[in-house]
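Undergrad: What follows is a predicted structure for the sequence shown.
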Number of protein chains: 2
Amino acid sequence: MSLDDPSAKPHDRLQLALSDDLSAVNSLISDRMASEHAPRIPEVTRHLVEAGGKRVRPMLTLAAARICGYEGPYHVHLAATVEFIHTATLLHDDVVDESAQRRGRPAANLLWDNKSSVLVGDYLFARSFQLMTETGRLDVLRVLSDAAATIAEGEVLQLTAAQDLGTNEDIYLQVVRGKTAALFSAATQVGGMIADADEQVVNSLFAYGDALGVSFQIADDVLDYAGVATQTGKNIGDDFRERKLTLPLIKAVAKADAQERVFWMRVIEKGDQRDGDLEHALALLDKHYALSAARTDALEWSERAKQALASVPDHPIRDMLRDLADYVVARLN
Amino acid sequence: MSLDDPSAKPHDRLQLALSDDLSAVNSLISDRMASEHAPRIPEVTRHLVEAGGKRVRPMLTLAAARICGYEGPYHVHLAATVEFIHTATLLHDDVVDESAQRRGRPAANLLWDNKSSVLVGDYLFARSFQLMTETGRLDVLRVLSDAAATIAEGEVLQLTAAQDLGTNEDIYLQVVRGKTAALFSAATQVGGMIADADEQVVNSLFAYGDALGVSFQIADDVLDYAGVATQTGKNIGDDFRERKLTLPLIKAVAKADAQERVFWMRVIEKGDQRDGDLEHALALLDKHYALSAARTDALEWSERAKQALASVPDHPIRDMLRDLADYVVARLN
């Protein structure tokens, strides 16, 4: 995740502009991840929450609320809610993906066990609903529970779609909305809602978060094939080895001739991968301009994110959100 | 589960008295477990939801609402919410327990995989929050999100407490509240709340559900050692083989002499079980009157459940709830 990169300027500026709010969010998170009765819970959550991550999602909520002039306390609850949903999702994802690492540390399912990851994730989901209930805003509850359903639906869809060569760009987009964009867009939307912003502004904040999330995920999927390992913290071709049909491969498969299809069937659907296959896959991506086309898609979504901000009140933090949309794709150059 | 027994008269009478409401709940469940994008979701949920179970928890909500004179539509949403939370919990439990069977069918994690069970469970949790949001009642949302947190906390506590000989009756009660009583009590409580019943009535409905749940779970744990396999659908000593420190064992361990402690350490903490160990464990339960003492506890909780109903409006359905509390422990005689 390049948003974790220390050179991520817009992110750092947001962090500075929102530092008081972020401290309040961090306190609330520490407070609510505690459990009087089950000490395993804070052990697991502390491992993950204190590893940090850049708090991108809660910052989106705080930023949206501030841009809309909100002065009350509940944007902090909503930001913590969003981070809890995100953390719960990570815990469950690591069980599903059998991950070895998360945020640069051993994944919780390896340090404890899958059971703890499943149940502590459930605890954080429940805690997130408690937090949002405290805001007293049913409209916000509706948006966040819809987002939680979209996230889970996207993850289930990914289970069946990832290794199926029939997966097209529409299905990919649904998966991406689930795994990334749904929480980004809910994060920005509820920030506007808690501030009682106009409907048009709330819709634009939603559109910004959605497009930012899609752009971010496509960029991530491109970097899996085109990035520099030290920069992304991942190895080139991880998605290929895990037989994940992401946008670059979907574009290459769509243009494959009969012989190429046989190759993709073997390495992705059957999972029979041999020495030299990754290199051959990269050559096919190149032949069909698949990485370049996916990069263009990421840039278009970034552009849409910036356009959405046009209907959002003028504010220094709005400009940082615009720069964030640029930054997400800057790493593709 | 003896509530699944066809001779469960109070249950059958409740089902008859609430049959219109229950049909509405079943329709709502079918409707909301669908997913446009991810067909795996209804496959998994249908497997579990259509296997039935006796819908005890949703019936508790419907019964409480009816007793309090509720005429509106939202008790149906709350009953479906309660069943979704229960079903999500079962899916995750089966992953945690590595179960082979659930409701007399192969467990979902074996028919599909652990991933599907984790993610479909998450989907049902999210759906349950959508459903309760539709009621427009923040007080109800608070109760149910608190219950969801208590459930997850109890399950995590069970992970660490189950094989630890230091687990005492207080800890056992916390685990039981989490795994069983929290959803029973939330189910009855929100039934009263949606009907705008007096606070005292709502509190009594909570107390009934709580005591019924505790009584039910203790009875289940006693039957694991004292039941007839064909009647309970379980084998004698399953909990022993799984090294679960339930109430009968806790009582026997509390009275153990030095030599007996060595035995319990070996079979429960170390998990080193040999031929004849179950028979020896049963003899120790007998020596210390542990089953009999646990049975007495179950009867006391059943009595508390019935006493709580004294402050609830007079109603034919209230009498069925009273009989249900008797029925839960009748199988111990």
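TA: Nice, thanks for sending it over.
Undergrad: dump the residue contacts of whatever residue of the stretch 151-300 of chain A ends up closest to chain B.
TA: Relative to chain B, the nearest point of the stretch 151-300 of chain A is A:Ala152 (3.8 Å; Cβ to the nearest Cβ). Every C-beta, even on glycine, is put in place using the N, C-alpha and C of the backbone. By Cβ atoms under 8 Å, 6 or more residues apart in numbering or on different chains, A:Ala152 lies in contact with A:178, B:119-120, B:122-123, B:125-126.
Undergrad: go with 7 Å
TA: B:119, B:122-123, B:126 (Cβ atoms under 7 Å, 6 or more residues apart in numbering or on different chains).
Undergrad: pLDDT weak spots in the stretch 1-150 of chain A?
TA: For the stretch 1-150 of chain A, the stretches with pLDDT under 70 are A:1-8, A:47-52, A:98-112.
Undergrad: Which residue ranges of it form helices?
TA: A:9-17, A:19-32, A:40-49, A:56-67, A:74-97, A:108-111, A:114-134, A:138-161 (DSSP state H, counting those that start in this stretch).
Undergrad: Is it possible to get a markdown table of these that adds distance to A:Tyr208?
TA: Formatted as a markdown table, these follow (distance: least, Cβ to Cβ, whole Å):
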| stretch | distance to A:Tyr208 |
| --- | --- |
| helix A:9-17 | 14 |
| helix A:19-32 | 19 |
| helix A:40-49 | 26 |
| helix A:56-67 | 8 |
| helix A:74-97 | 15 |
| helix A:108-111 | 32 |
| helix A:114-134 | 21 |
| helix A:138-161 | 15 |
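Undergrad: Out of the ones you listed, which gets nearest to B:Ile236?
TA: Closest to B:Ile236 of the helices of the stretch 1-150 of chain A, according to Cβ to Cβ: helix A:114-134, at 25.5 Å.
Undergrad: Give the other helices and strands that the closest one contacts.
TA: If you count contacts as 3 or more Cβ pairs under 7 Å, 6 or more residues apart in numbering or on different chains; DSSP states H and E, helix A:114-134 packs onto helix A:40-49, helix A:74-97, helix A:108-111, helix A:138-161, helix B:74-97, helix B:114-134, helix B:138-161.
Undergrad: Could you export these as CSV, including distance to A:Gly227?
TA: Output for the helices and strands packed on helix A:114-134, formatted as CSV (distance: least, Cβ to Cβ, whole Å):
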stretch, distance to A:Gly227
helix A:40-49, 24
helix A:74-97, 19
helix A:108-111, 25
helix A:138-161, 21
helix B:74-97, 33
helix B:114-134, 27
helix B:138-161, 37
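Undergrad: what's the closest of these to A:Gln15?
TA: Among the helices and strands packed on helix A:114-134, if distance is taken as Cβ to Cβ, the winner is helix A:74-97, at 12.7 Å.
Undergrad: Alpha carbons only: can I get that closest one in CSV?
TA: Provided in CSV are the C-alpha atoms of helix A:74-97 (Å, rounded to 0.1, in the frame of the first residue of the first chain):
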residue,chain,number,x,y,z
TYR,A,74,-19.8,12.2,16.6
HIS,A,75,-17.5,12.3,13.6
VAL,A,76,-15.0,10.8,16.0
HIS,A,77,-17.4,7.9,16.7
LEU,A,78,-18.0,7.4,13.0
ALA,A,79,-14.3,7.4,12.2
ALA,A,80,-13.7,4.8,14.9
THR,A,81,-16.6,2.8,13.6
VAL,A,82,-15.1,2.8,10.1
GLU,A,83,-11.7,1.7,11.4
PHE,A,84,-13.3,-1.1,13.5
ILE,A,85,-15.2,-2.4,10.4
HIS,A,86,-11.9,-2.3,8.5
THR,A,87,-10.0,-4.1,11.2
ALA,A,88,-12.6,-6.8,11.6
THR,A,89,-12.5,-7.3,7.8
LEU,A,90,-8.7,-7.6,7.9
LEU,A,91,-8.9,-10.3,10.6
HIS,A,92,-11.4,-12.3,8.7
ASP,A,93,-9.6,-11.8,5.4
ASP,A,94,-6.4,-13.2,6.9
VAL,A,95,-8.3,-16.3,7.8
VAL,A,96,-9.8,-16.6,4.4
ASP,A,97,-6.5,-15.9,2.5
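Undergrad: which secondary structure elements does it contact?
TA: helix A:19-32, helix A:40-49, helix A:56-67, helix A:108-111, helix A:114-134, helix A:138-161, helix A:182-194, helix B:114-134.
Undergrad: Adding distance to B:Ile41, write the ones you listed out as JSON lines.
TA: Below are the helices and strands packed on helix A:74-97 laid out as JSON lines (distance: least, Cβ to Cβ, whole Å):
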{"stretch": "helix A:19-32", "distance to B:Ile41": "29"}
{"stretch": "helix A:40-49", "distance to B:Ile41": "26"}
{"stretch": "helix A:56-67", "distance to B:Ile41": "25"}
{"stretch": "helix A:108-111", "distance to B:Ile41": "23"}
{"stretch": "helix A:114-134", "distance to B:Ile41": "17"}
{"stretch": "helix A:138-161", "distance to B:Ile41": "5"}
{"stretch": "helix A:182-194", "distance to B:Ile41": "16"}
{"stretch": "helix B:114-134", "distance to B:Ile41": "6"}
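Undergrad: Can you give me the distance of A:Arg177 to B:Leu165?
TA: 49 Å (Cβ to Cβ, to the nearest Å).
Undergrad: Looking at these two, which has the bigger crowd around it?
TA: A:Arg177 (24 against 16; other Cβ atoms under 10 Å in any protein chain shown).
Undergrad: ok, and the closest non-adjacent residue to that one?
TA: A:Gly154 (6.1 Å; Cβ to Cβ, 6 or more residues apart in numbering or on different chains).
Undergrad: Find me the pLDDT at the one you found, would you?
TA: If you check A:Gly154, the pLDDT there is 90.
Undergrad: what's near enough to touch it?
TA: A:Gly154 touches A:174-175, A:177-179, A:182, counting by Cβ under 7 Å, 6+ apart.
Undergrad: And for A:Leu119?
TA: So A:Leu119 contacts B:92, B:96, B:152, B:155-156, B:159 (Cβ under 7 Å, 6+ apart).
Undergrad: Quick check: the gap between it and A:Arg127.
TA: Here A:Leu119 is placed at a distance of 13 Å from A:Arg127 (Cβ to Cβ).
Undergrad: do A:Arg241 as well
TA: In terms of Cβ to Cβ, A:Arg241 sits 35 Å off from A:Arg127.
Undergrad: and those two? which has more neighbours close in?
TA: More neighbours surround A:Arg127 than the other of A:Arg241 and A:Arg127, with 28 against 14 (other Cβ under 10 Å).
Undergrad: so the more buried one makes contact with B:Thr150?
TA: No: between A:Arg127 and B:Thr150 there is no contact under Cβ atoms under 7 Å: 11.1 Å.
Undergrad: For the stretch 201-333 of chain A, which segments are assigned as helices?
TA: A:229-232, A:238-241, A:247-254, A:258-264, A:277-287, A:290-308, A:316-330.
Undergrad: and A:Tyr208, which of those helices is closest to it?
TA: Closest among the helices of the stretch 201-333 of chain A, once you apply Cβ to Cβ, is helix A:290-308, at 4.1 Å.
Undergrad: Packing partners of that closest one?
TA: Using 3+ Cβ pairs under 7 Å, 6+ apart, helix A:290-308 is in contact with helix A:199-226, helix A:247-254, helix A:316-330.
Undergrad: Tell me which residues are up against it.
TA: A:204, A:207-208, A:211-212, A:214-215, A:218-219, A:221-222, A:225-226, A:247-248, A:251-252, A:285, A:322, A:325-326, A:328-329, A:332.
Undergrad: next one: stretch A:260-267
TA: The contact list for stretch A:260-267 (Cβ under 7 Å, 6+ apart) reads A:165, A:253, A:256, A:272-273, A:277, A:280-281, A:284.
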